[in-house]
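**Q** Fold the following.
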Amino acid sequence: MKNLLAFFAMPVAVAMSGQALAHGEAARHGGIVRESSNGVSLELVNKDGTATIYVDDHGKPVPTEGASGKLTVLNGAQKTELPLESAGDNKLVARGDAKLGAGAKAIAAVTLADKKTVSVRFAIK
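**A** Numbering: from 1, shown residues only. Okay, here's the model as predicted:
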C-alpha cells in the first residue's frame with residue numbers, strides 16, 4: 001500500500017514543482033509579482049503610502065519612459081483609480097494614495113512605450 005501511494009504521489013509532486021518553477025519571477029523589491037499573458041511581469045510595491053510598479057520582461061528591466069497606465073484599487077465597495085506615471089528606469093508610480101490595505105484588490109493596466117499593453121491583478125494580503 002505504501003509503495004502504491006508513493007507511486008501516485010510522485011507524478012503529482014513532479015508536476016507541481018515544475019509548475020511552480022515555470023511561473024513568474026521572484027519579487028526583487030519586496031512586493032507582489034504577477035506575470036501577464038504576454039510574459040511581462042509587474043511587481044507592485046506599497047511603501048509609505050506610495051504604490052510603485054516595477055516592469056520586467058523575463059527578468060530584464062523594461063524602461064518605462066513613454067509608458068503610462070492606471071492602477072484601479074478595490075476596497076470592498078470603494079473603487080479608486082490612479083494614473084501611473086514613469087519614474088525612471090523600469091518604475092511606474094501611482095499619483096495619489098492607493099489605499100492598498102489587507103484584503104484590497106488592485107488591477108494594473110499599463111501601456112508601454114512600444115504600445116504593448118500589460119494588465120495584471122493583485123490581491124493584497
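**Q** List the beta-bridge partners for the residue sitting nearest the centre point of the chain.
**A** Centroid-nearest residue in the chain: Arg34, 3.0 Å away (criterion: C-alpha atoms, centre = their mean). Arg34 has these beta-bridge partners by DSSP bridges: Leu42.
**Q** and it, what does it touch?
**A** For Arg34, the contact set (C-beta atoms under 8 Å, 6 or more residues apart in numbering) comprises 24, 41-42, 44, 120-122. (C-beta placed from N, C-alpha, C; glycine too.)
**Q** Could you dump the residues you listed into JSON lines with neighbour count, pLDDT and distance to Gly69 added?
**A** Formatted as JSON lines, those follow (neighbours: other C-beta atoms under 10 Å; pLDDT from 0 to 100; distance: C-beta to C-beta, whole Å):
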{"residue": "Gly24", "neighbour count": "16", "pLDDT": "55", "distance to Gly69": "19"}
{"residue": "Ser41", "neighbour count": "22", "pLDDT": "97", "distance to Gly69": "14"}
{"residue": "Leu42", "neighbour count": "24", "pLDDT": "98", "distance to Gly69": "9"}
{"residue": "Leu44", "neighbour count": "24", "pLDDT": "98", "distance to Gly69": "12"}
{"residue": "Val120", "neighbour count": "21", "pLDDT": "98", "distance to Gly69": "11"}
{"residue": "Arg121", "neighbour count": "11", "pLDDT": "98", "distance to Gly69": "14"}
{"residue": "Phe122", "neighbour count": "23", "pLDDT": "98", "distance to Gly69": "13"}
